[in-house]
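> model the following, please.
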Amino acid sequence: MQFLSADAAAALVSPGDTVVVSGVVSLMAPEAVMSALGARFERTGQPAGLTVICPCRTGWSGSGVTGLEHLAQRGLVTRLIAASYNGRDTPRLVRMCIDNEIETYALPMGVLFRWLRECTARSPGLLTEVGLGTCFDPAAEGAGDVRASSEARPLGLIRHVTIDGKDCLFMRSTKIDIAIVRASRADEAGNISLQDEPISAGVLQMAMAAKTCGGKVIVVVKEVVKRGSIHPRWVEIPGAFVDAVVVDPGAIQTQLGYEPAFTGESRADPVTLPHLVLDHQKLILRRAALELKKGDIVNLGVGMGTQLPSLAIEEGFIDDIHFSVEHGAFGGVPAMGVPGNTGAFGAHYNPDTILDSTDLLDFYHGGGLDATVLGFAQIDSAGNVNVSRFNGSLRGPGGFIDITHRTKKILFCGSLTSGGLKVECYADNTGPTLRIVAEGRNRKFPGVIEQINFNAGHALARGQRVLVITERCVFEIRRSGLVLTQIAPGIDIDRDIRPFIDFELQVADELETLPCTMYRPEPMGIVPAPRIREVSGLRPNTVHIGPEQCG
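Model prediction:
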């Protein structure tokens, strides 16, 4: 192990190398080496032809060129494999991907982390059921595939196979030449600590994958401390696994600054969250909250779901739910729901623990989650969902495919239309009523979706309960497809729902009216019911606040 400058560490990367990079937006981003690598190529034209693997994505807006954007230079990267892309944070890179200047692939984040574990073990590869029937499955007809640039060749690492009569997906292991990761500090022997980081982001797995393949491990830290001064329990990567340490005193915890409550160094008491105004988002979150049970482990996805903790505080059930985000923080209050903290996605205030992304996603894959609150971009008549690529944008599935694989209750939350939607709640002599003031420009229920990231048929076969919750109605995914089961008071199906769905609308015989209490400004009085063990396939009872309570 040696201490090197960022420029000297970047010189360790050779043309054609396969490089794995840590980072979730600004968290755990090895910015000093990424910048030096980009500068080296701009200056010398080397190293060219890299394959870059980034299980999430690194780079953030508002700070100039950051993260993977440093690599957005023609010829530097030949192939890019990631779970998530963002045109706002890395605009040149995403443009190059869409324009076929880089062979680009969008794979499930959890699959990528588990695959790196197999690369570490130098096993033949990863065998999994995660992603069957989705774009990740080469045999899934009409689901699209993992190629995010139209002229990219088939990835060649993924096959649909049958093992003991069961369909599976096999992802062949590959050699990792370089791991470039971020951490908090190193001691003089190169032992690496993450004690100031809100997540661990799989950096140990990345380091081990490079090491067992005979590659090199480069770690960016903020400071160096005396040898032996880091408690063994705080050492995330042993010095024996590390080839080069780069000291970057300007390395950041997040782009928003340092927050000790993200790591347990101190506690934020209380965590201040914004009061949610009574708009379409709050209406949707209220209905979603009625599905939660006391003690549930609940994942929150990017978007509307990040505001659920605000509602939980308002309703008084914040301590009844265990919040989890796929990047590893568990318990406490997810930070992305706090004003100004969209750049700290993955961090939690006052977490109970910080697990490694690889381990937590294993837990997700196995069905450890009770519920998840996720957004959606497109849904078809069968209930298949697309979040990855639509309307010319490139987003990637992130952890979506992993999260939805076996979660017991999936709550897809979003407005029926988007882009300028305005709603109004008012009361007349019959009680509270919802009125659509301005309809959204974008239709989210097309006849054919551009990609399948959630396969409804596979979810139903696994016994998962799946709801699509909008501000004006609720759908349930059943064997016959997407079925309208509840509507808001004041909403007319033929006026407010059917015209905005591009397929034949199925309406349940037992159609219900959504609780009128959802449309009043005061708290609903949501109290999550105790969880009940399922017997003979019956679902536990859910909290129900019916129209009879509209008074």
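> distance of R287 from P446?
Using C-beta to C-beta, to the nearest Å, R287 is found at 23 Å from P446. To be clear about C-beta, it is placed using only N, CA and C from the backbone, and glycine gets the same treatment.
> ok, those two, which is more surrounded?
Taking other C-beta atoms under 10 Å, R287 and P446 do not tie; R287 has more neighbours (24 against 16).
> secondary structure element for the more buried one?
Taking DSSP states H and E as the criterion, R287 maps to helix 280-289.
> tell me which strands the next helix or strand after that helix pairs with, and in which orientation.
Next along the chain after helix 280-289, taking DSSP H and E as the criterion, comes strand 293-294. The pairing partners recorded for strand 293-294 under DSSP bridges are strand 529-530 (parallel).
> show me how far the partner strand is from its chain's centre.
Centroid separation for strand 529-530 versus its chain: 28 Å, with C-alpha atoms, centre = their mean, to the nearest Å.
> for that strand, what does the pLDDT average out to?
The average pLDDT for strand 529-530 rounds to 88.
> over to stretch 205-212?
Per-residue scores along stretch 205-212 average to 98.
> same thing with stretch 446-460?
Here stretch 446-460 scores 97 as its mean pLDDT.
> in that stretch, what counts as buried?
446, 449, 451-456, 458-460 (16 or more other C-beta atoms under 10 Å).
> if we can go back for a sec, what helices or strands is the helix holding R287 leaning on?
Packed against helix 280-289 by the contact rule (3 or more C-beta pairs under 8 Å, 6 or more residues apart in numbering; DSSP states H and E) you find helix 308-315, strand 409-413, strand 422-428, strand 465-469.
> residues making contact with the helix or strand that the second one is followed by?
Right, the one you point to is strand 409-413. Using DSSP H and E, the next helix or strand after strand 409-413 towards the C-terminus is strand 417-418. Here strand 417-418 makes contact (C-beta atoms under 8 Å, 6 or more residues apart in numbering) with 439-444, 500.
> show me how far strand 417-418 is from its chain's centre.
The answer for strand 417-418 is 21 Å, by C-alpha atoms, centre = their mean.
> in a markdown table, list the helices and strands packed on helix 280-289 along with mean neighbour count and distance to L93.
Shown next, in a markdown table, are the helices and strands packed on helix 280-289 (neighbours: other C-beta atoms under 10 Å; distance: least, C-beta to C-beta, whole Å):
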| stretch | mean neighbour count | distance to L93 |
| --- | --- | --- |
| helix 308-315 | 22 | 31 |
| strand 409-413 | 25 | 29 |
| strand 422-428 | 14 | 35 |
| strand 465-469 | 21 | 32 |
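> closest one to L283 among the ones you listed?
Nearest to L283, of all these, is strand 422-428, at 7.4 Å by C-beta to C-beta.
> for the closest one, packing partners?
Using 3+ C-beta pairs under 8 Å, 6+ apart as the test, strand 422-428 ends up in contact with helix 280-289, strand 431-438.
> name the stretch among those that sits most buried.
helix 280-289 (a mean of 23; mean count of other C-beta atoms under 10 Å).
> would a markdown table of the helices and strands packed on helix 280-289 with distance to I176 be doable?
Putting the helices and strands packed on helix 280-289 into a markdown table (distance: least, C-beta to C-beta, whole Å) gives the following:
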| stretch | distance to I176 |
| --- | --- |
| helix 308-315 | 37 |
| strand 409-413 | 33 |
| strand 422-428 | 50 |
| strand 465-469 | 36 |
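> one step back: including distance to R478, could the helices and strands packed on strand 422-428 go into CSV?
Below are the helices and strands packed on strand 422-428 laid out as CSV (distance: least, C-beta to C-beta, whole Å):
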stretch, distance to R478
helix 280-289, 18
strand 431-438, 25
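> take those and write them to TSV, including distance to S123 and mean pLDDT.
Shown next, in TSV, are the helices and strands packed on strand 422-428 (distance: least, C-beta to C-beta, whole Å; pLDDT from 0 to 100):
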stretch	distance to S123	mean pLDDT
helix 280-289	40	96
strand 431-438	54	92
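> for these, which one sits closest to V161?
helix 280-289 (36.8 Å).
> how far does the closest one sit from its chain's centre?
20 Å.
> quick one: low-confidence ranges for the stretch 301-450 of the chain?
Applying pLDDT under 70 to the stretch 301-450 of the chain picks out residues 337-343.
> ok, which stretches of this protein are helices?
With DSSP state H, the ranges of helices along the chain come out as 6-10, 31-44, 91-98, 109-121, 203-212, 280-289, 308-315, 357-365, 400-404, 456-461.
> what sits against V130?
Per C-beta under 8 Å, 6+ apart, neighbours of V130: 108, 110-111, 136, 169, 365, 401-402, 405.
> for it, which non-adjacent residue is spatially closest?
H405 (4.8 Å; C-beta to C-beta, 6 or more residues apart in numbering).
> gap between the one you found and R287?
In this view, H405 and R287 are 24 Å apart by C-beta to C-beta.
> and L76, by the same measure?
47 Å.
> sorry, back to before: tell me the most buried of the helices of the chain?
helix 400-404 (a mean of 28).
> list the contacts for the residue in the chain sticking out farthest from the centre?
Using C-alpha atoms, centre = their mean, the residue of the chain lying farthest from its centre is N429. It sits 43.9 Å away. By C-beta under 8 Å, 6+ apart, no residues touch N429.
> can you tell me how far it sits from I436?
21 Å.
> repeat for G250
49 Å.
> check contacts around R57.
23-25, 67-68, 82-86, 89-90, 396.
> now S480: phi and psi?
The phi/psi pair for S480 (degrees, to the nearest 10) reads phi -80, psi -10.
> which strand residues bridge the residue nearest to it when sequence neighbours are not counted?
Setting aside the residues directly before and after it, S480 is nearest to Q506 in space (C-beta to C-beta, 6+ apart), at 6.2 Å. Taking DSSP bridges as the rule, Q506 bridges to V483.
> Q506 touches I477, doesn't it?
No: applying C-beta atoms under 8 Å as the test, Q506 and I477 come out as separate, 10.7 Å apart.
> counting neighbours, go ahead and name the busier of the two.
I477 (25 against 15).
> and that one, what does it touch?
By C-beta under 8 Å, 6+ apart, I477 lies in contact with 382-383, 456, 459-460, 466-468, 483.
> ok, so of the residues you listed, who is nearest D359?
The closest of the contacts of I477 to D359 turns out to be A459 (C-beta to C-beta; 23.9 Å).
> separation between the nearest residue in space to that closest one that is not next to it in sequence and I297?
Leaving aside its chain neighbours, A459 sits nearest to V466 (5.7 Å; criterion: C-beta to C-beta, 6+ apart). V466 sits 18 Å away from I297, taking C-beta to C-beta as the criterion.
> please apply the same query to G264.
20 Å.
> and the two? Which one has more around it.
Between G264 and I297, I297 has the larger neighbour count (other C-beta under 10 Å), namely 19 against 15.
> list the beta-bridge partners for that one.
Under the criterion used here (DSSP bridges), I297 is bridged to H322.
> can you check F454 too?
Under DSSP bridges, the beta-bridge partners of F454 are V385.
> I figured it hits V385, correct?
Yes: contact criterion C-beta under 8 Å: F454 and V385 qualify, at 3.9 Å.
> and for these two, which residues touch both?
By C-beta under 8 Å, 6+ apart, the residues touching both F454 and V385 are T404.
> dump the residue contacts of the spatially closest residue to S22 that is not a sequence neighbour.
In space, S22 comes closest to V181 once its chain neighbours are excluded; the distance is 4.1 Å by C-beta to C-beta, 6+ apart. With contact taken as C-beta under 8 Å, 6+ apart, V181 is in contact with 21-22, 28, 30, 201, 203, 206-207, 217-220, 237.
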